[in-house]
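**Q** Starting from these lines, generate the structure:
(one chain, ligands or ions: 1)
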Amino acid sequence: MKKVWIDAGHGGKDPGATANGLQEKDIVLKVSQGIQQQLEAEYEGVEVLMSRNTDVSLELSDRTNKANRAGADILVSIHCNAAGGSGGFETFRFTNAMAASVALQNVLHREIMSALKPYGVTDRGQKSANLHMVRESKMPAVLTENLFVDVAKDAGLLKRQEVLHAIIQGHVTGIANHLGLKKKEETTVAKSERDINVVSPWAAPAWKAMTDQGYVDGSRPGAPITREEMAVMMSRFINNQHK
Ligand SMILES: [Zn+2]
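**A** Here you go, the predicted model:
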């Protein structure tokens, strides 16, 4: 069972960046909860643990201490940006990051930018910085900065549900790829599989008539027929014609 730690930035008394009627703490909580739901729903052998699942205040050290104690396999810290000119998407690893953090950043950055492609989001690149969340996490850790709340174009995008879904999808695909997670079996096959012991409505009258006349024994109406069974049915039919 792989453990993924998702850290929704800010919260409670700390709203993070605010502009254009948006609060960073609300957006990153929605995105984090979406990542948790989708990863656990679509992939086998993964558990998603969260720094916060509500609007509460947390110290940075609380977040990394909890993730380290839980023995998480990777940590992704979710943020939105501000005060950055033309807006866009960027990711951070620690300045002296381990190779696995670089690998995680590569796949996350690629998948999120790919999911955001239809929306013309600026790629600000893969960066490194001496940030608490990526420095103090013992496991591979990346911080994503998902658009700028104070840039009009980005704020407009962050207000669209489909854009939040794209951000969530990019994180989910990136994390799943990095950890080599296996998709759950599709359930559509099981759903469409019929019960061979129940007659289909369209065939019910004919099935009853043939059963009453002794051509079939009335069992397993949905089972395939063999050539022998067909021969028996035909001989019953022919015998009936001669009565
Ligand atoms: Zn932030």
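
**Q** contacts and neighbour counts: CA atoms only from here.
**A** OK.

**Q** what helix or strand is the residue nearest the centre of the chain on?
**A** Nearest residue to the geometric centre of the chain (C-alpha atoms, centre = their mean): Gln38, 2.8 Å. Element membership of Gln38, judged by DSSP states H and E, is helix 24-42.

**Q** Give me the contacts around that helix.
**A** Contacts made with helix 24-42 from outside it, assessed by C-alpha atoms under 8 Å, 6 or more residues apart in numbering, are listed as 6-12, 14-18, 46-50, 52-55, 78-80, 149, 158, 164-165, 167-169, 171-172, 176, 183-184.

**Q** Can you mark which positions in that helix are buried?
**A** Judged by neighbour count using 16 or more other C-alpha atoms under 10 Å, the buried positions of helix 24-42 are 24-36, 38-40, 42.

**Q** After the helix or strand encompassing Ala204, which helix or strand is next?
**A** Mapping Ala204 onto the secondary structure by DSSP H and E places it in helix 204-212. Towards the C-terminus, the helix or strand next in line after helix 204-212, according to DSSP H and E, is helix 227-241.

**Q** The chain: strands as residue ranges?
**A** Assigned by DSSP state E, the strands in the chain fall at 2-8, 18-19, 22-23, 46-50, 74-81, 89-94, 123-129, 141-148.

**Q** Show me how far the second one is from its chain's centre.
**A** Once both centres are worked out by C-alpha atoms, centre = their mean, to the nearest Å, strand 18-19 turns out to sit 28 Å from its chain's centre.

**Q** Same question for the fourth one.
**A** Its chain's average C-alpha position is 12 Å from that of strand 46-50, according to C-alpha atoms, centre = their mean.

**Q** Next, work out how far apart Gln23 and Gly11 are.
**A** Relative to Gly11, Gln23 is positioned 10 Å away (C-alpha to C-alpha, to the nearest Å).

**Q** do the same with Ala141
**A** Here the criterion is C-alpha to C-alpha. By it, Ala141 lies 20 Å from Gly11.

**Q** Those two: who's more crowded?
**A** Neighbour comparison, Ala141 and Gly11: the larger count goes to Ala141, with 26 against 22 (by other C-alpha atoms under 10 Å).

**Q** Leaving out chain neighbours, which residue sits closest to the more buried one?
**A** Leu75 (4.7 Å; C-alpha to C-alpha, 6 or more residues apart in numbering).

**Q** if we can go back for a sec, specify the angle between the helix holding Gln38 and strand 46-50 in degrees.
**A** Per axes from the mean of the first three to the mean of the last three C-alpha atoms, to 10 degrees, the angle that helix 24-42 makes with strand 46-50 is 160 degrees.

**Q** any idea how far helix 24-42 is from the chain center?
**A** Using C-alpha atoms, centre = their mean, the mean C-alpha position of helix 24-42 is found 9 Å from that of the whole chain.

**Q** And stretch 216-229, by the same measure?
**A** 43 Å.

**Q** Could you shift the numbering so residue one becomes 51, and keep it that way?
**A** Shifting the count to begin at 51 puts that one at stretch 266-279.

**Q** Can you get me the start-to-end distance on it?
**A** 9 Å.

**Q** Need the mean per-residue confidence for that stretch.
**A** Confidence over stretch 266-279 (mean pLDDT, whole number) is 90.

**Q** Show residues contacting that stretch.
**A** Where contact means C-alpha under 8 Å, 6+ apart, the residues beyond stretch 266-279 that reach it are Arg244, Asp245, Ile246, Asn247, Val248, Val249, Ser250, Trp257, Lys258, Met260, Thr261, Met283.
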